Every structure is written in structure tokens, then in C-alpha cells.
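Chemist: Sequence below, structure please.
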Amino acid sequence: MNSSIEIHDSVVDAVTEVGGKAVLYSSAVYIHKSLGRPGLDPGTGWVQKAKLTIADATIKSTFAAFPGQVLAGYLKLGGETFDNEIPIPPNLNGDVELRLETWNDQVILVSGRGAELELIDEPTYVEDFRPD
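Modeler: Below is the predicted model of the structure:
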């Protein structure tokens, strides 16, 4: 099964800097699961807690208040840009840039080298996904 996080509809609860790493905590990321391409082909939607860690990080901006409901964003891994998507797993040792925007124009912008995603607890089923 192929999976990816849909940035839109996810929640960021905190951003911290620990030993040169940026750590983003989320109480709810929306995950598409599909036998094909997650978010594009039929599949299912799930919600799960997550922690995204970016190594050698520079936190360029963050939300003024948490939690933040995310409206849009992207993840750049190496030379590839994932618009409104974080692949599972995103593990990469190359250049990384993450941008997340809230409904009221607050922005998290983090750059670094290397990204690691940890999904926490069990996912909760939300819905069947059928593209329009």
C-alpha cells in the first residue's frame, strides 16, 4: 500500500529546535493510502499523530500560536517538490525545505539536510477516497 500525508487538513502542535534539528509535532496528519498514487487514485483517508524531524535545520519562521490548522504547503526533497504532500517515508539525506501555511497566513519555513518521519500510535480511519 502506498501512503502520503496531505498537508492540507493537518495540524501542527509545536515546532522545536533540539541539537540542530527542527522537530514538528502533529496531533493529526491526514494520510492517503492507495494501491496506486496516494491522493490521486482511489483509496482511504486516515488520521494519525506524527513527528517530522529535519536535521541540520534552520527554522526561518514559525506560527505565532499553536496548534495551527494547515491550509497549504510543500516539501522539497533534493530536487523534487511535493506540493501539498509529504511522502511516507520521506527519509532523505539531501537538502530539505518545508513550508506550511495556516488559514490566517502564518508560515512555518524550515530548511536543512535530511528528513525523517515518525508516525505515532495507530491510525484512525476517516473515509474512503474517490477522486472527482
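
Chemist: Can you list the strands that the strand ranked longest in the chain pairs with?
Modeler: Longest strand in the chain by number of residues (criterion: DSSP state E): strand 107-129. Paired neighbours of strand 107-129 in the sheet (DSSP bridges): strand 43-54 (antiparallel), strand 58-61 (antiparallel), strand 92-102 (antiparallel).

Chemist: What residues of it count as buried?
Modeler: By 16 or more other Cβ atoms under 10 Å, the buried positions in strand 107-129 come out as 108, 110, 111, 112, 114, 115, 116, 117, 119, 123, 129. From N, CA and C alone the C-beta is placed, and that goes for glycine too.

Chemist: closest one to residue 72 among the strands paired with strand 107-129?
Modeler: strand 92-102 (4.9 Å; Cβ to Cβ).

Chemist: Show me which residues of the closest one are buried.
Modeler: Neighbour counts over strand 92-102 (16+ other Cβ under 10 Å) mark 92, 96, 97, 98, 99, 100, 101, 102 as buried.

Chemist: Spatially central residue in the chain, please.
Modeler: With distances taken as Cα atoms, centre = their mean, the residue of the chain nearest its centroid is residue 86 (4.9 Å).

Chemist: Can you list the strands that the helix or strand that contains that residue pairs with?
Modeler: Element membership of residue 86, judged by DSSP states H and E, is strand 85-88. Sheet pairing of strand 85-88 (DSSP bridges) gives strand 2-12 (antiparallel).

Chemist: after the partner strand comes which helix or strand?
Modeler: Next element after strand 2-12 (DSSP H and E): strand 14-18.

Chemist: tell me, how many neighbours does the closest residue to residue 126 other than its chain neighbours end up with?
Modeler: Excluding its sequence neighbours, the residue lying closest to residue 126 (Cβ to Cβ, 6 or more residues apart in numbering) is residue 45, at 4.3 Å. Neighbour count for residue 45, taken as other Cβ atoms under 10 Å: 19.

Chemist: OK, contacts around residue 45?
Modeler: 30, 31, 32, 33, 125, 126, 127, 128, 129 (Cβ atoms under 8 Å, 6 or more residues apart in numbering).

Chemist: isn't the first one right up against residue 5?
Modeler: This points to residue 30. Yes: with contact defined as Cβ atoms under 8 Å, residue 30 counts as touching residue 5 (6.8 Å).
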